[in-house]
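*Asks:* Dropping a prediction and its sequence here:
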Amino acid sequence: MDTSAGRRRPSIRRSLLAAAQGLALALLSIGVSLALFILSVVSIALIVTGVGVFTTPVVLSWVRMHANQRRLLASQWSGVAIPPPYRPLPRDMRPGVTGVVERLIFLLKDPATWRDILWLLVDAVAGFVTALFPPAMIAYGVEGLLMMLGLWRVMGDGYWYGFIRVEGFVSGVQCALLGAALLATAMWVNPYLVKAHFLIARSLIAPTRGAQLARRVERLYETRHDAVDSSAAELRRIERDLHDGAQARLVAMGMSLGTIEALIEKDPAKAKELLAQARSSSAEALTELRDLVRGIHPPVLAERGLGDAAKALALRMQIPVEVDVELPGRFEEPVESAAYFAISEVLTNAAKHSGASMVWLDIHHSRSAGDMLRIAVTDNGRGGASLDKGTGMRGIERRLGSLDGVLAVSSPPDGPTMVTMEIPCEIVVAGPTGS
């Protein structure tokens, strides 16, 4: 059943929720964003005095935490995915003052830093106004209704409600009609105004087209060799599983059949017993072969496509996973397979290590800047995830790298964690899948 139409219907609950979200965003915009913008400008200006050398990396880390928080809210509240554009910090930074200076230089050379600072200013102005509209429309509409109920007596002559001069009961009724119209409008537009706020943010703090291409080229260069090694390791794993599992059982079954052939006339009872064992071994070998094939290419992925396969994965997770899939069709088999196993690894990591209570999985295909499959996995856990910790993320990176795909991880301490994946690909079978 397609519930997207139901989600688009106006409702008082959605309008009030959007108003509450808008009020929270407005406070963040005029309070936190404006304060961080002033701190950033002052701290950068103080670099020439030496004080800014030590304060600027700290302030910029706060800016990135604030931007990452807005990315999480965008994903949770409006389904707007905003991938982090930050370059990973070098691993060989030296300790002490030298390391602080190196970190400062690296941050100032990252174009994403300056886009974040510009976003702080825009967010404090345009973002604030856009976010304030939903609660303002609700409040102003309620005021109009109260005019008819007697508020016009308190306001007195000379008060204007919109374009209506409040002078008595008749004008109070006119105010109520205008207020009702505003509330009806708010039921429709409030969620879209909140989404517009996040779209403004995405236009500034998402990776630019040039940054995406540069990162993709760099990542492709790094992962081509790893992809070959990964394929070889996967073949060795399959060979080992076959040798230790199904092949061993088939060999044992063949030996049992040879013994049965020799005993079938001399000792039929013993031959019958060995035949039952051979049948059991064949069933176990078939089960192991099915498990092996399922690990190579799950049946639900082959039959239903990436969207339904991802939803099936989400249902098997130990923590709740909210899935949002918008795919206009199916992709080539290597693309779907790589995306499926990448999603599986990220969801498993979130369930095991993040301590999160909720995970959001967003999968969609975009043609605005070339055909691109975009996947975002966000959790509200403790954060601290990194490509350098463990082999799981590196394995995903290698798998995507073989398809010219990229992986980005944003996971500050205390969270949230956002893992974004992009794979350039085209639709090969039209029609919605898993949406």
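*Replies:* That came in fine, so what should we check first?

*Asks:* so where's the stretch 151-300 of the chain shaky on pLDDT?
*Replies:* Filtered on pLDDT under 70, the stretch 151-300 of the chain yields the residue ranges 151-154, 156-157, 211-212, 214-249, 252, 284-285, 287-298.

*Asks:* Show me where it has its helices.
*Replies:* Secondary structure of the stretch 151-300 of the chain (DSSP state H, counting those that start in this stretch): helices at 152-155, 169-205, 209-241, 247-263, 268-296, 299-304.

*Asks:* quick one, helices of the stretch 301-435 of the chain?
*Replies:* Using DSSP H, counting those that start in this stretch, helices in the stretch 301-435 of the chain cover 306-316, 333-349, 392-401.

*Asks:* Run through who's touching the second one.
*Replies:* For helix 333-349, contacts defined as CB atoms under 8 Å, 6 or more residues apart in numbering pick out 297-298, 301-302, 305-306, 309-310, 313-314, 317, 321, 330-331, 359, 361, 363, 373, 375, 377, 385, 390, 392-393, 395-396, 399-400, 402-403, 405, 407, 419, 421, 423, 425. C-beta coordinates here come from the backbone N, C-alpha and C atoms, glycine included.

*Asks:* how does this structure divide into domains?
*Replies:* The chain breaks down by automatic domain parsing into domains covering 4-205, 221-296, 301-430.

*Asks:* mind checking pLDDT for Gly307?
*Replies:* The model reports Gly307 with a pLDDT of 87.

*Asks:* ok, so what distance separates it from His353?
*Replies:* 26 Å (CB to CB, to the nearest Å).

*Asks:* and those two? which has more neighbours close in?
*Replies:* Remark: of Gly307 and His353, Gly307 carries more neighbours, 20 against 17, as counted by other CB atoms under 10 Å.

*Asks:* I'd say that one and Ile363 touch.
*Replies:* Yes. Using CB atoms under 8 Å, Gly307 makes contact with Ile363 at a distance of 6.7 Å.

*Asks:* ok, now which ones touch the residue nearest the centre of the chain?
*Replies:* Ranked by distance to the mean C-alpha position of the chain (CA atoms, centre = their mean), the top residue is Ala376 at 2.4 Å. Ala376 makes contacts with 75, 81, 83, 360-362, 418-421, as judged by CB under 8 Å, 6+ apart.

*Asks:* ok, now with 10 Å
*Replies:* By CB atoms under 10 Å, 6 or more residues apart in numbering, Ala376 lies in contact with 71, 74-75, 79-83, 324, 346, 360-364, 408, 418-422.

*Asks:* Give the buried subset of the residues you listed as a PyMOL selection command.
*Replies:* Buried residues among these (16 or more other CB atoms under 10 Å), as a PyMOL selection:
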select buried, resi 71+74+75+79+80+81+82+83+346+360+361+362+363+364+408+418+419+420+421+422
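
*Asks:* Among the contacts of Ala376, which lie within strands?
*Replies:* 324, 360-364, 408, 418-422 (DSSP state E).

*Asks:* Take those and write them to a markdown table, including distance to Ile47.
*Replies:* What follows is these, written out as a markdown table (distance: CB to CB, whole Å):
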| residue | distance to Ile47 |
| --- | --- |
| Asp324 | 42 |
| Trp360 | 38 |
| Leu361 | 41 |
| Asp362 | 38 |
| Ile363 | 42 |
| His364 | 41 |
| Ala408 | 28 |
| Met418 | 30 |
| Val419 | 33 |
| Thr420 | 32 |
| Met421 | 36 |
| Glu422 | 35 |
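
*Asks:* Could you find which two of these are furthest from each other?
*Replies:* Distances among the ones in strands among the contacts of Ala376 were taken as CB to CB; the most separated pair is Asp324 and Ala408, at 18.8 Å.
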